[in-house]
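Student: Can you look at this prediction? I've put the sequence above it.
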Amino acid sequence: EIGTAYGGTFIATMEYIRRHNDIYGYAVDISIAENLCMYYNMIGQCELLQFSSRSDEFDKWLKGKRFDLCFIDADHSYDSVKSDFMKVKNYAKIIAFHDILSTGVSQLWHEIKGAYEHREFVSRGSEMGIGLIMP
């Protein structure tokens, strides 16, 4: 997950998938929340990476990796979410976007979804939503 904040989505996703599969996760953020550190100490099936997804350090770390799922939930500005997408699109089987109905994520979502197999999960009246792209 790129952009974990307090780690709620990362932990929920990890726990759901762990019930059905062997999993290893990566949490990337400019700061790592204390509850993510506690989660790491409990399960140990993840790495907590403290750097920006727009940094050279992230680019170096990303090289050669392969992911079943990458969840983009960091800076929701158009430029940042586009940068995150462009960096991971060749490394992930599925890319999930948070808040596809608002902010800069919405603009990027509408630009790219037609070029890929995709799914949208939104509830009526919501300004959020999850979008999945299968590159």
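Tutor: Good, I have the coordinates.

Student: Thr103 is in contact with Ala74, isn't it?
Tutor: No. In this structure Thr103 lies outside contact range of Ala74 using CB atoms under 8 Å: 11.5 Å. Where you see a C-beta, it was placed from the backbone N, CA and C, and this is true even at glycine.

Student: what sits in contact with each of the two?
Tutor: Shared contacts of Thr103 and Ala74 (CB atoms under 8 Å, 6 or more residues apart in numbering): none.

Student: tell me, how many neighbours does Arg66 end up with?
Tutor: A total of 8 residues lie near Arg66 under the criterion other CB atoms under 10 Å.

Student: Could you check how far it is from Tyr24?
Tutor: 11 Å (CB to CB, to the nearest Å).

Student: next one: Ile94
Tutor: 16 Å.

Student: For Thr103 and Ala74, indicate the residue with more neighbours.
Tutor: Ala74 (22 against 18).

Student: quick one: contacts for Ile23?
Tutor: Contacts of Ile23 (CB under 8 Å, 6+ apart): 14, 17, 45.

Student: and it, helix, strand or coil?
Tutor: Of the three states, Ile23 takes coil under DSSP: H, G, I helix; E, B strand; the rest coil.

Student: now swap in the one 5 residues further on and tell me
Tutor: At Val28, secondary structure determined by three-state DSSP is strand.

Student: the more surrounded of Ile94 and Tyr24?
Tutor: Shown here are Ile94 and Tyr24; by other CB under 10 Å, Ile94 has more neighbours (16 against 12).

Student: and that one, bridged to which residues?
Tutor: Here Ile94 sits in beta bridges with Leu69, going by DSSP bridges.

Student: right, and it touches Phe71 too?
Tutor: No. Taking contacts as CB under 8 Å, Ile94 lies outside contact range of Phe71: 9.1 Å.
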